[in-house]
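*Asks:* okay, predicted coordinates and the sequence, questions at the end:
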Amino acid sequence: MWVNDICFSYEWLLHIGASTKTENSFNNAGYFGEGFKIASLCAIRDYHWNVEMSSGDWKLSVIKENHTIDQKKAEMLAYEIQTVDFQSKSMLRLSPISGEEYQLFKNVILSFFYYGNPLLGEKIWEDSIGAVYYCNENAYRSPLPYTIDFGRKGTVFCSYQLLGSNPFGLSVCLHTYKKADRERKTLYSFDVIQVFETLSRYISPDASIKVLEKMRRYWNSFPKRHIDINSWDTVICNLIRNITESTAAIQKFRAKYPNLLCRRVVHSIKEKNRRSQARAWLSTQEKKYLIVQSAFERIGYPTLEEECECQGGFVVNDTPEEYDNSGFL
């Protein structure tokens, strides 16, 4: 494995428990410093691989050294470092590798966000915060990690590592995702929602339309309680807000979905009665409407009650005149 035009000092591989990867360590791989040594130990002990690392003008081989500590012989991990001709790249070489081990390697490579990853389909949007692609579901298979509530419909990368899934057939990556500890567990459903909430604050209007279309099953959803960590409501509202920032995006969305009616939350008896009458009117219409949550009013859609009233669907209150021609009250 190698990367061109990036070099680093081998001192980055010496320390345990503290990072030497510049002051802003969160923006560099590793952070805590022990990963390379622990991985090398497992590679040599469990897989009997040779491990070689090179970058710039140095090359090191991970070897075993025998030492005596407190009069007891101990086998220790060590680096054999050499100076070599300068090459503007960093390379890790593992050998010998069996066919089964190479397949494992390919599965692991899939679990990282990179251009050309078979999990990524057509790009929807990307900037320094993150990225949104359509997901190639055919490439999303076991043993890649996924969020148990969502299955393997779409992928969720955090800081370029696959940590969960989503139910929308999207591949999303939050590049700026940070955790204060070293845990890399699979995301829970509410973690995935938080990733979408963060990305939805930055997505462009046109991209918001595409993402909103994939989330159509939640267009008529509301939080079940005042604080609902499993609700997609904030994501929906953020995407709609993004669309309202572009007149062209509003026109595009309304042209594609002309028959949406918004459903406000009702509270009073009068509002509930009007809702019942409006639903009764809706059930008799040949024109097919789709009921959505009230956030869609920001794009210019009427409420169910407003459309019913506009079409004369409410019961007419025929108030009698004070006197008729007969003189009776």
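*Replies:* Received the coordinates, thanks.

*Asks:* mind listing the helices for the chain?
*Replies:* Assigned by DSSP state H, the chain shows helices spanning 35-46, 99-110, 189-200, 205-214, 233-244, 247-256, 269-282, 304-310.

*Asks:* a markdown table for these, including distance to Lys72 and mean neighbour count?
*Replies:* (Glycine included, C-beta is placed from N, CA and C.) Output for the helices of the chain, formatted as a markdown table (distance: least, CB to CB, whole Å; neighbours: other CB atoms under 10 Å):
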| stretch | distance to Lys72 | mean neighbour count |
| --- | --- | --- |
| helix 35-46 | 19 | 14 |
| helix 99-110 | 33 | 12 |
| helix 189-200 | 46 | 20 |
| helix 205-214 | 61 | 20 |
| helix 233-244 | 59 | 20 |
| helix 247-256 | 71 | 14 |
| helix 269-282 | 81 | 14 |
| helix 304-310 | 80 | 18 |
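
*Asks:* closest to Gln71 out of those?
*Replies:* Of all those, helix 35-46 sits nearest to Gln71, with 24.0 Å by CB to CB.

*Asks:* format the CA atom coordinates belonging to that closest one as CSV.
*Replies:* Extracted C-alpha coordinates of helix 35-46, given in CSV (Å, rounded to 0.1, in the frame of the first residue of the first chain):
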residue,chain,number,x,y,z
GLY,A,35,-1.5,1.6,16.2
PHE,A,36,1.4,0.8,14.0
LYS,A,37,3.3,-1.2,16.7
ILE,A,38,0.2,-3.1,17.8
ALA,A,39,-0.7,-3.9,14.2
SER,A,40,2.9,-5.0,13.5
LEU,A,41,2.9,-7.2,16.6
CYS,A,42,-0.3,-9.0,15.5
ALA,A,43,1.0,-9.3,11.9
ILE,A,44,4.2,-11.0,13.0
ARG,A,45,2.8,-13.0,15.9
ASP,A,46,-0.5,-14.2,14.4
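
*Asks:* that older thread, wait, which of the helices of the chain is closest to Thr147?
*Replies:* Between Thr147 and the helices of the chain, the tightest spacing by CB to CB is seen for helix 189-200, at 5.6 Å.

*Asks:* which residues in this protein form strands?
*Replies:* Taking DSSP state E as the test, the strands found in the chain are 2-4, 50-69, 72-95, 120-126, 130-135, 154-158, 161-166, 170-174, 260-263, 290-293.

*Asks:* out of those strands, which is closest to Cys308?
*Replies:* The closest of the strands of the chain to Cys308 is strand 260-263. By CB to CB, the value is 8.7 Å.
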